[in-house]
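Asks: can you look at this prediction? I've put the sequence above it.
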Amino acid sequence: MNRLRDLREDADLTQKEVAAFLGMSQTGYSKYETGENDIPTRVLIRLAGFYHTTTDYLLGISDRRARSD
């Protein structure tokens with residue numbers, strides 16, 4: 001899930017800040033970034049909206065970073 005880390009770092013955010021947005025612990029969020037835990041669909045959708053990208057980009061299905069809406 002390097003894309004999560006890259007997006008977070010590009011936005012100059014800490015794991016703790018993103019975790020707070022999601023209402024979870026920093027440790028729990030860290031496990032999403034490392035791929036230790038799968039990201040639940042509802043969290044994936046929130047992250048895509050937060051970063052103005054698509055779930056496909058976050059999942060590595062697409063290399064297109066920006067949404068086309």
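Replies: The structure has been received and is ready for your questions.
Asks: where does the chain have low pLDDT?
Replies: 1, 68-69 (pLDDT under 70).
Asks: list the contacts of residue 11.
Replies: residue 51 (Cβ atoms under 8 Å, 6 or more residues apart in numbering). Using the backbone N, CA and C atoms, a C-beta is placed for each residue, glycine as well.
Asks: point out the other helices and strands that the helix or strand hosting residue 31 packs with.
Replies: For residue 31, the host element (DSSP states H and E) is helix 26-34. In terms of contacts (3 or more Cβ pairs under 8 Å, 6 or more residues apart in numbering; DSSP states H and E), helix 26-34 is packed against helix 2-10, helix 15-22.
Asks: mean neighbour count and distance to residue 50 for these - can I get that in TSV?
Replies: Below are those laid out as TSV (neighbours: other Cβ atoms under 10 Å; distance: least, Cβ to Cβ, whole Å):
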stretch	mean neighbour count	distance to residue 50
helix 2-10	15	9
helix 15-22	16	6
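Asks: what's the first helix or strand after the helix holding residue 31?
Replies: By DSSP H and E, the next helix or strand past helix 26-34 is helix 41-50.
Asks: in that next one, what counts as buried?
Replies: Going by neighbour count (16 or more other Cβ atoms under 10 Å), the buried part of helix 41-50 is 43-44, 47-48.
Asks: residue 33: which of those residues is nearest?
Replies: Nearest to residue 33 among the buried residues of helix 41-50, counting by Cβ to Cβ, is residue 47 at 10.6 Å.
Asks: for the nearest residue to the closest one once chain neighbours are set aside, what is the enclosing helix or strand?
Replies: Spatially, and ignoring its direct neighbours in sequence, residue 47 is nearest to residue 58 (6.1 Å; Cβ to Cβ, 6 or more residues apart in numbering). Using DSSP H and E, residue 58 sits in helix 55-59.
Asks: what sits up against that helix?
Replies: Here helix 55-59 has contacts from 1, 3-4, 7, 39, 44-45, 47-48, 51, 62-65, using Cβ under 8 Å, 6+ apart.
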